[in-house]
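**Student:** following is a predicted model, sequence given first.
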Amino acid sequence: MTTEAASYFSRELLHWYLANKRDLPWRMNRDPYRVWVSEIMLQQTRVDTVIPYYERFMEKFPSAAALANAPEPDVLKCWEGLGYYSRARNLQAGAREVLTRHGGIVPDDKEAVSALRGVGPYTTGAIMSIAFNRPEPAVDGNVMRVLSRYFCLEEDIAKPATRVNIEKLAASLIPEGSAGDFNQALMELGALVCTPKSPGCLTCPVMMHCEGRMAGKEHVLPIKTKAKPPRRETRIAALITGSAELAGKLLVRQRPESGLLAQMWELPHVLAPEALAAAAPAKRRGRGKPAAAVGEASSAAGFAAADDGVMETAAGLELAFPAEPAANHADGGVLNVQAAGAASTDRRSAMADFLSRALSAEEGLLVRPDSWWGETDHVFSHIVWDMQVYRAEFGFWQSEAAGTAVGSGGTGEYPAAASEALAAYGEGPAPANYRWIGPEEMRTLAFPNVFVRILQDYWRDLD
DNA sequence: GATCCGTGGCA
DNA sequence: TTGCCAAGGAT
């Protein structure tokens, strides 16, 4: 590639961008905070999806100081449905750092920007070039695709090393004094013309010297190895209803501080063992009509009939919940379902059975499932949840004191002699991460989409 | 380097 | 319907 050809590319692309760029909310001005927020939201997320979130977010948190001083649950709620929720928490952590270390102003300093939580190589380049017009490359998926085609590069863009190489190329192409516009021009071309599936070469401003097109490879470039398919997990969730002062409310819990869907709220649910996983995946979100009662076949699996009375005594517990507790699987966390599987040929009864056993063992939560409610798939990048939802009646919380008395040791372990342990448990307080909510609480707590839909359906059906 | 992190649109 | 993938980063 001659410098002349590179110069042509940059000049023509920049010219095209200035005439064709979209009018997007984060292009209103070059406020580095606004640029920063937009770049975080746009990570792995389409422009059309981001726009309404961005408008709401900027209205609620118009400055780094405003974001830094906001309650974290408010920030997470504002991010609800956008995905990759650690972005929201990292962004707020970054805002707090900007407030305390840089006086509330995003610094015009590459190292300082790069050090902010959630800001990697791409976002650093984007902020430095767009907000400050510094000649830093900003190489995302669009840029790798555009440059792979234009320069007919056959390096696998799925490999991290490829991005590093393309960054060097991209840096060499930045026109003097136009870093921000040029970097956005590359991405804009990738989004509007040089698209992944059917590149619009006929309207491309740099078509004439595109090496990929001249080689007839515009449809095979860029080279990108396939990601491995997501694993499938069957999850059994519970719509747990209360009585008396809890009537009309549902029991929800908050997830741990890190990991999948960190700090989001959800219905209590457990991972189903392989023996209970669906033979066929739930093709679509669905509600069975009518909701099937699981009581009938469940007596064999240890379920009490619906009118067996309140589960308050040890005797009631024996009736309402399986006498045989789940065993602790060797590699941790997966309940053994052999007993339940053998006891019932009805998959839903076995699932309901397993649900009550697992909630008891994992959470100290005693409930009585009464019917299957519905099912839905929830797709992550690397996991697919086949969510089987059951209605259940709240029983009580097992007290921790009784648990330690029978030698239930560390976290996540099941009582060594759980049959006796269950009988020994008394009623205890609810764990801190659980809460009873009505429909109005949906406005303040952040739920992953799958639970938003289930809860909305549930409360709509009550009307 | 490989894996973990969400969600929705679309051919 | 299924697979792909979108302005990536942290570990």
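**Tutor:** Right, received. Where do you want to start? Small disclaimer: the values here were computed from a predicted structure and weren't measured. Numbers count the residues shown, from 1 in each chain, chains lettered A, B, ... in the order given.
**Student:** so which strand or helix has the residue in the stretch 351-463 of chain A that DNA strand C sits nearest to?
**Tutor:** Using Cβ to the nearest atom of the strand, the single residue of the stretch 351-463 of chain A nearest to DNA strand C is residue A:381, 6.1 Å away. (Each C-beta comes from the backbone N, C-alpha and C, glycine too.) Counting by DSSP states H and E, no helix or strand carries residue A:381.
**Student:** that one contacts residue A:230, correct?
**Tutor:** Yes. Residue A:381 lies in contact with residue A:230 (Cβ atoms under 8 Å); the separation is 6.9 Å.
**Student:** neighbour count winner among those two?
**Tutor:** Neighbour count, other Cβ atoms under 10 Å: between residue A:381 and residue A:230, residue A:230 has more, with 13 against 9.
**Student:** list the contacts of the more buried one.
**Tutor:** A:379, A:380, A:381, A:382, A:383, A:384 (Cβ atoms under 8 Å, 6 or more residues apart in numbering).
**Student:** cool, residue A:196 as well?
**Tutor:** So residue A:196 contacts residue A:145 (Cβ under 8 Å, 6+ apart).
**Student:** which helix or strand contains the residue in chain A that DNA strand B sits nearest to?
**Tutor:** In chain A, the residue that lies nearest DNA strand B is residue A:83 (2.7 Å; Cβ to the nearest atom of the strand). Counting by DSSP H and E, there is no helix or strand that carries residue A:83.
**Student:** how many other residues sit next to the closest residue to it other than its chain neighbours?
**Tutor:** Among residues not flanking residue A:83 along the chain, residue A:45 sits closest, at 6.9 Å (Cβ to Cβ, 6 or more residues apart in numbering). Neighbourhood size, residue A:45 [other Cβ under 10 Å]: 15.
**Student:** check residue A:46 too.
**Tutor:** Residue A:46: 9 neighbours (other Cβ under 10 Å).
**Student:** can you check residue A:215 too?
**Tutor:** 12.
**Student:** contacting residues for it?
**Tutor:** Residue A:215 sits in contact with residue A:152, where contact means Cβ under 8 Å, 6+ apart.
**Student:** contacting residues for the residue of chain A found nearest DNA strand C?
**Tutor:** In chain A, the residue that lies nearest DNA strand C is residue A:120 (2.5 Å; Cβ to the nearest atom of the strand). By Cβ under 8 Å, 6+ apart, residue A:120 lies in contact with residue A:114.
**Student:** same question, the one 3 residues further on
**Tutor:** For residue A:123, the contacting residues are A:36, A:39, A:40, A:43, A:138, taking Cβ under 8 Å, 6+ apart as the criterion.
**Student:** can you say which helix or strand has it in it?
**Tutor:** Assigned by DSSP H and E, residue A:123 falls in helix A:121-132.
**Student:** wait, does that helix contact DNA strand B?
**Tutor:** No. Using Cβ under 7 Å from any atom of the strand, helix A:121-132 never reaches DNA strand B; the gap is at least 12.1 Å.
**Student:** equivalent analysis for stretch A:151-159, please.
**Tutor:** Yes. Between stretch A:151-159 and DNA strand B, judged by Cβ under 7 Å from any atom of the strand, the touching residues are residue A:159.
**Student:** okay, buried residues for that stretch please.
**Tutor:** Residues of stretch A:151-159 classed as buried by neighbour count (16 or more other Cβ atoms under 10 Å): A:151, A:152, A:153, A:157.
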